[in-house]
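**Q** here is a sequence with its predicted model. Questions after.
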Amino acid sequence: YCSMCLSPQISPASSTKTASSYGLGSSSDGTNSKSAAGSTCTGLTTQPADTGYGDYIEIANLQPSIGTAGTISTSNRLCGAIFDANPTASTAQATACTFATPFKIGVHFDEGESLVATAAATPDLNKGENVASTGLETNEGYGYSGFYMAYWMNSC
């Protein structure tokens, strides 16, 4: 096998108020739940509710598409409420693949949790892993969900 691909096992296609099976830390945006990747995922959670990027998964040379050949990627860390390896923050879950063998997934959880009690009209989704919210956006996971991923390997 030349590549391994991953996507959230549970990824609701519509706003069914069902959480995605991926959620590690804060959104990369204050008002919308978005993916966070690369240097945004610092490994540090600070209180009072300032940053919630302490939890992430790390996969070498992660690429934001299935493809048939690997390219060099600097995106190795993923955090946030949306799973997407694209360096530009996204509001939709996506499949990501790696061509770096042997295939490995690293997990980093820090000891902190960043809690935010905020009104839905003025969210601070980039400040906390656990944000008081009245509902989920489409495909959003809670920042404390962890990850339950579907994965498969491709032959090239």
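**A** Structure's in. What do you need? All values reported here derive from a predicted model rather than from experimental measurement.

**Q** Leu115 and Asp50, how far apart?
**A** To Asp50, Leu115 is 11 Å away according to Cβ to Cβ, to the nearest Å. For the C-beta atoms, the positions are set from N, CA and C on the backbone; glycine is no exception.

**Q** and if you look at Phe103?
**A** Taken as Cβ to Cβ, the span from Phe103 to Asp50 is 35 Å.

**Q** swap in Ser155?
**A** For Ser155 relative to Asp50 (Cβ to Cβ), the value is 45 Å.

**Q** neighbour count: these two, which is higher?
**A** For Ser155 versus Asp50, neighbours defined as other Cβ atoms under 10 Å are more numerous around Asp50 (15 against 6).

**Q** leaving out the residues flanking it, which one is nearest to Cys97?
**A** Leaving aside its sequence neighbours, Cys97 sits nearest to Cys5 (Cβ to Cβ, 6 or more residues apart in numbering; 4.1 Å).

**Q** which sections of this protein are below the confidence cut-off?
**A** Along the chain, the model assigns pLDDT under 70 to residues 12-19, 48-49, 68-70, 74, 118-123, 131-143.

**Q** how about a cut-off of 50?
**A** Applying pLDDT under 50 to the chain flags no residue at all.

**Q** which residues in it form helices?
**A** Counting by DSSP state H, one finds no helices in the chain.

**Q** residue boundaries of the strands in it?
**A** Taking DSSP state E, the strands of the chain run over residues 3-8, 22-23, 35-37, 45-46, 51-52, 56-58, 62-63, 77-80, 96-98, 106-108, 115-116, 130-131, 146-147, 149-154.

**Q** so which elements touch the second one?
**A** Other elements packing on strand 22-23 under the criterion 3 or more Cβ pairs under 8 Å, 6 or more residues apart in numbering; DSSP states H and E are strand 146-147.

**Q** what is the strand it packs on packed up against?
**A** Helices and strands touching strand 146-147, by 3+ Cβ pairs under 8 Å, 6+ apart, are strand 22-23.

**Q** quick one: residues contacting Asp50.
**A** Asp50 makes contacts with Ser114, Lys127, as judged by Cβ atoms under 8 Å, 6 or more residues apart in numbering.

**Q** and if we set it to 10 Å?
**A** Contacts for Asp50 (Cβ atoms under 10 Å, 6 or more residues apart in numbering) come out as Ser26, Leu44, Ser114, Val116, Asp124, Asn126, Lys127, Gly128.
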